[in-house]
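Asks: Next one to model:
(one chain, ligands or ions: 1)
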Amino acid sequence: MATTTRTLVQDAVELHGVRKVHGSGDHAVTALDSISVGFPRGTFTAIMGPSGSGKSTLLQCAAGLDHPTDGRIVLAGVDIGRQNEKQRTELRRKHIGFVFQAFNLVESLTAAQNVELPSRFAGRRAGPGQIAEALASVGLADRANHRPSRLSGGQQQRVALARALVTRPDVLFADEPTGALDTVTSREVLRMMRMLVDQEGQTTLMVTHDPVAASEADVVVFIKDGRIAGRIPLDKDQQSNNAAVIAAHMARLEA
Ligand SMILES: Nc1ncnc2c1ncn2[C@@H]1O[C@H](COP(=O)(O)OP(=O)(O)OP(=O)(O)O)[C@@H](O)[C@H]1O
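Replies: Next up is the predicted model:
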């Protein structure tokens, strides 16, 4: 009999009994301890948990950037454990976008050239129309020819978002995307991510320490000691209260 549940089968990303052990012997650390969770298409999920709880490891494994020790990961309907390295690279290029805390933009290139870069590596160079569309989708249509040094931190992270989205990935993974930004520019980036979910149906998984950032999501999944430690669906009408509810849950996990 199949062990997968019906709810997991149609999700954009599914983790089935995923375990990840970093290192070996006396230095072995279990970062993920038999996690099963699904992330539905077109939804925005925030992943939170105490420091060292396994959030980044979960994101890296779900995106196919790291290999689980045990368990199965299904990304865009493909069981990535059954793929060879070449197929996996191709799957990542086609189906995922990643943004990090550091914007990782190339200083000597314009915003448009930075957005074009990943598609060049993928051998499917994005055309001017696609690049303009990606920049427009993050509200930067008029900044295409600016170099990163002439953009604010929030604008630079939005260029990084456009770069992650130019290949129209099934899933956008974001690891602390607002970690290097002040409150105002964080909000600017988060609103943009929210809009991409609402208007484009962009499935998004975001790791964050910030309850206010997490309150933009549809649901918050909590992790502690490599295990799922709660799930809070968020009511958009209660936005101002959501951050407080999330912070209270985090405080209980950290106690
Ligand atoms: N490459 C690695 N080698 C050994 N241990 C690792 C490695 N990467 C992560 N770990 C360990 O795995 C556990 C989970 O780490 P992870 O970075 O996933 O947690 P996190 O919740 O993202 O932490 P933080 O919030 O502090 O960034 C931690 O105990 C960490 O020290």
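
Asks: Looking at the most centrally placed residue in the chain now. What's its pLDDT?
Replies: Nearest to the mean C-alpha position of the chain, by CA atoms, centre = their mean, lies F173 at 1.7 Å. Here, the pLDDT recorded for F173 equals 96.

Asks: Give me the distance between the strand or helix carrying it and the centre of its chain.
Replies: Here F173 sits within strand 171-175, counting by DSSP states H and E. Here the centre of strand 171-175 is set off from its chain's centre by 2 Å, with CA atoms, centre = their mean, to the nearest Å.

Asks: Now the element after it, going C-ward?
Replies: helix 183-200.

Asks: could you give the angle of the strand holding F173 to helix 183-200?
Replies: Strand 171-175 runs at 170 degrees relative to helix 183-200, counting by axes from the mean of the first three to the mean of the last three CA atoms, to 10 degrees.

Asks: what about strand 171-175, near the ligand?
Replies: No: applying CB under 6 Å from any ligand atom, one finds strand 171-175 separated from the ligand by no less than 7.9 Å. C-betas here are computed from N, CA, C, even on glycine.

Asks: So in that sheet, which strands flank that strand, and in what orientation?
Replies: Using DSSP bridges, the strands paired with strand 171-175 are strand 96-99 (parallel), strand 203-207 (parallel).

Asks: Now that strand: buried residues?
Replies: By 16 or more other CB atoms under 10 Å, the buried positions in strand 171-175 come out as V171, L172, F173, A174, D175.

Asks: State the pLDDT value of the nearest residue to A62 once chain neighbours are set aside.
Replies: Spatial nearest neighbour of A62, excluding adjacent residues (CB to CB, 6 or more residues apart in numbering): V13 at 5.1 Å. Looking at V13, its pLDDT is 95.
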